[in-house]
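Novice: dropping the sequence and predicted coords here.
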Amino acid sequence: MQSRRHAPEAEETGIDLAPMLDFTTNLLIFFIITTSFIKEAGVEVFKPTAETAFGRDSGNLLVAIRENGDIWMDRRRIEMRDVRPMMERLHIERPDDSVVIIADKASNAGVVAEVMDEVRLAGITIISIAADPAG
Amino acid sequence: MRKRRRNSGADQEQTGIDLAPMLDFVTNLLIFFIITAVFVKEAGLEVQRPTSFETPPDENDAQSIQIQILENGEIWVDNRAVDVRAVRANVERMSAVNPDSGVLIIAQSQAPTGTLVDVVDQVHLGGITNITFSTTQ
């Protein structure tokens, strides 16, 4: 070993990893900042459109209501009575959550109102109804 | 023990930190965050609900502008059926008379949500954000 240490430059083969590390760390920071761990509803619905819809950064619990009244949350169909316990559990994990109800255009307003009540009873007060921004 | 050497030519003991393990670690974190990243952003409208079942909104409250939505999608303001596009004008007119008034939307429980959102949108366009939403059977 001692003899290699004083070898000429041709012997040196290590790549300098520092720039790659810088680059990777930047990517890492970007993804840490942008990640938000949204609980997706897991179902596709036809959302109504609204001109005054606005995006809310912290809206990360999504509840979908389908045309036939099915409620979807966290990629599975749940019953109305399950909404409140699930919301309570998630609310304890991250207390600054807000809920977005993604209701189908043709779904009943009564179901939406019931879900809103359950969410409110679970302690989450920031509730909005999803709409696509239009024109 | 593997020893990584930097640029040769330095006779002195070259002691650079080995960055490879750190790079491994950072890359693993990076992959985790790439996989878990979800770029979903839902836009929505905010509506209030009466806070408890015991105190439903006073439907005879003269201060608030009432809009009713029937189950067939008809919209009633001031005891008249109006078109969705006329809601904004009605709200503007009534809020000009009574600037502090909020809007109370009373929807039948079978009413379509699309109509509800349309009405909320029109009321927002009419300049009122204090919207309360309740349902009747």
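Specialist: Ah, there it is. Keep in mind that this is a model prediction, so the values were computed, not measured.
Novice: which helix or strand contains A:His91?
Specialist: Using DSSP states H and E, A:His91 sits in helix A:80-93.
Novice: and that helix, what does it pack against?
Specialist: Packing partners of helix A:80-93 (3 or more C-beta pairs under 8 Å, 6 or more residues apart in numbering or on different chains; DSSP states H and E): strand A:59-65, strand A:71-73, helix A:109-121. Where you see a C-beta, it was placed from the backbone N, CA and C, and this is true even at glycine.
Novice: would you indicate which residues of the strand or helix carrying B:Leu30 are buried?
Specialist: Taking DSSP H and E as the criterion, B:Leu30 maps to helix B:20-36. By neighbour count with 16 or more other C-beta atoms under 10 Å in any protein chain shown, helix B:20-36 contains the buried residues B:23, B:26-27, B:29-30, B:33.
Novice: and if you look at stretch B:84-93?
Specialist: Buried positions in stretch B:84-93, judged by neighbour count with 16+ other C-beta under 10 Å: B:87-88, B:90-91.
Novice: and the furthest pair within the residues you listed?
Specialist: Pairwise distances across the buried residues of stretch B:84-93 peak at 7.3 Å for B:Arg88 and B:Asn90 (criterion: C-beta to C-beta).
Novice: check contacts around the residue in chain A that chain B sits nearest to.
Specialist: Across chain A, the shortest distance to chain B (C-beta to the nearest C-beta) belongs to A:Gly110, at 2.6 Å. Residues near A:Gly110 by C-beta atoms under 8 Å, 6 or more residues apart in numbering or on different chains: B:107-111, B:135.
Novice: go with 6 Å
Specialist: If you count contacts by C-beta atoms under 6 Å, 6 or more residues apart in numbering or on different chains, A:Gly110 has them with B:109, B:135.
Novice: looking at chain B, which helix or strand is least sure?
Specialist: Among the helices and strands of chain B, strand B:43-46 carries the lowest confidence by mean pLDDT, DSSP states H and E, at a mean of 72.
Novice: residues touching it, excluding its own?
Specialist: By C-beta under 6 Å, 6+ apart, the list of residues contacting strand B:43-46 from outside reads A:50, A:53, A:55, A:100, A:128-131, A:133, B:120.
Novice: tell me the spacing between A:Glu93 and A:Arg120.
Specialist: Applying C-beta to C-beta, to the nearest Å, the value for A:Glu93 to A:Arg120 is 18 Å.
Novice: A:Arg81 and B:Thr132, how far apart?
Specialist: Distance, A:Arg81 to B:Thr132, by C-beta to C-beta: 25 Å.
Novice: residue contacts, A:Thr35?
Specialist: Contacts for A:Thr35 were tallied using C-beta under 6 Å, 6+ apart; they are B:33, B:36-37.
Novice: and the residue lying closest to B:Gln122 once chain neighbours are set aside, what helix or strand is that in?
Specialist: Take B:Gln122 and drop its neighbours on the chain: the residue closest to it by C-beta to C-beta, 6 or more residues apart in numbering or on different chains is B:Val87, 4.0 Å away. Following DSSP H and E, one finds B:Val87 within helix B:84-97.
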